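>>> Below is the structure, and that's it, no one-letter string:
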């Protein structure tokens, strides 16, 4: 509990439109300074609640 952005080791972005990848990447780079966590981008056909993006984060316990 109490994880911070610095504790994130992996981010998975689920996008309903892969053309949003550049915008997602720009936000990722603004949010995390180097060294950045590992990341994966996956295009999906739909997300709950009509969302455009969903982000799953894995953080290390401290």
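That came through, no problem. None of these values were measured; they are calculated from a predicted model.

>>> low pLDDT regions in this protein?
Scanning the chain for pLDDT under 70 picks out 1.

>>> Show me what the closest residue to residue 42 other than its chain neighbours bridges to in the sheet.
Spatially, and ignoring its direct neighbours in sequence, residue 42 is nearest to residue 14 (5.2 Å; Cβ to Cβ, 6 or more residues apart in numbering). For glycine as for every other residue, the C-beta is placed from the backbone atoms N, C-alpha and C. Beta-bridge partners of residue 14, counted by DSSP bridges, are residue 42, residue 54.

>>> isn't residue 14 right next to residue 44, touching?
Yes: using Cβ atoms under 8 Å, residue 14 makes contact with residue 44 at a distance of 5.0 Å.

>>> Mind checking which of those two has more residues around it?
Taking other Cβ atoms under 10 Å, residue 14 and residue 44 do not tie; residue 14 has more neighbours (18 against 13).

>>> dump the residue contacts of that one.
Contacts of residue 14 were listed using Cβ atoms under 8 Å, 6 or more residues apart in numbering, and they are 42-44, 47, 53-56.

>>> Please apply the same query to residue 2.
By Cβ under 8 Å, 6+ apart, residue 2 has no neighbours at all.

>>> Quickly note the distance from it to residue 62.
Distance from residue 2 to residue 62, counting by Cβ to Cβ, to the nearest Å: 8 Å.
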